[in-house]
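Undergrad: Please work out how this folds:
(one chain, ligands or ions: 1)
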Amino acid sequence: MNTAPEHPPTGPADGIFVRDVMRRIEAAERAGDRREVDRLMRWANTEGSDRIGSVVAQLVEARQQAAFRATFGLPQVAAGITLAEPGQQLCDFCGVPGPSVYYPFQEFVVVSGPGGTVMSGDRMYACSMCASYVDADDWPGMAGWLGAAFFKRNNKRLFRPFRRNRTGDPVPVAPGSDPERGRTHGGGR
Ligand SMILES: [Zn+2]
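TA: Got it, this is the predicted structure:
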């Protein structure tokens, strides 16, 4: 099975590349072409990077787990997909490592219950992909990027309060820097 020419889409965002690869993998899965799925995963490793390859592998694994659970009527569980290295921030929307900006906001309570209270922290980090949706105030677009179910789950307790509590413009994050280092306030993340 052949797919489109294999050049990573233009644009600096890893997220775009990951999304493109995942779109093709999902098509191959729907077609039942396991070898094409494997090939695309290898391609993500070589054409993207080890880290992109790892994100893709985790996403594929999560999809397979979800499909297995759906088939057997098991409850779905949240998949933790992360590639954070020490001192590295992740996009608070989609989880891709290496945010390009953060948005300051007034801290709020995300969840409070018998197990304790989870505070939001006072910054939302965003990769360039997610930042483009936030800056355009395009939340339907964000839902498309994150997946409807994931978006819905996080919209009420995280994204909407974030929008209400925002206090300023996006602040650029230099590649490879750790903007959380040395901070004493606003932890909770
Ligand atoms: Zn993101």
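Undergrad: How far does stretch 121-133 sit from its chain's centre?
TA: Put simply, stretch 121-133 sits 10 Å off its chain's centre (C-alpha atoms, centre = their mean, to the nearest Å).
Undergrad: for stretch 59-76, same thing?
TA: Relative to its parent chain, stretch 59-76 has a centroid offset of 19 Å by C-alpha atoms, centre = their mean.
Undergrad: what does stretch 132-144 give?
TA: With C-alpha atoms, centre = their mean, you get 13 Å for stretch 132-144.
Undergrad: cool, stretch 156-163 as well?
TA: On C-alpha atoms, centre = their mean, the centre of stretch 156-163 falls 16 Å from the chain's centre.
Undergrad: got the residues of the chain near the ion?
TA: Residues of the chain lying close to the ion (C-beta under 5 Å from the ion) are 91, 93, 94, 96, 127, 130. Any C-beta I mention is one placed from the backbone N, CA and C, and that applies to glycine too.
Undergrad: Could you give the number of residues near the third one?
TA: For residue 94, the tally of surrounding residues (other C-beta atoms under 10 Å) stands at 22.
Undergrad: Contact partners for it?
TA: Residue 94 makes contact with 15, 127, 129, 130, 145, 146, according to C-beta atoms under 8 Å, 6 or more residues apart in numbering.
Undergrad: Strands of the chain, residue ranges please.
TA: 101-104, 109-113, 116-119, 123-126, 171-172 (DSSP state E).
Undergrad: among the ones you listed, which is nearest residue 39?
TA: For the strands of the chain, the distance to residue 39 is smallest for strand 123-126, at 31.6 Å, taking C-beta to C-beta.
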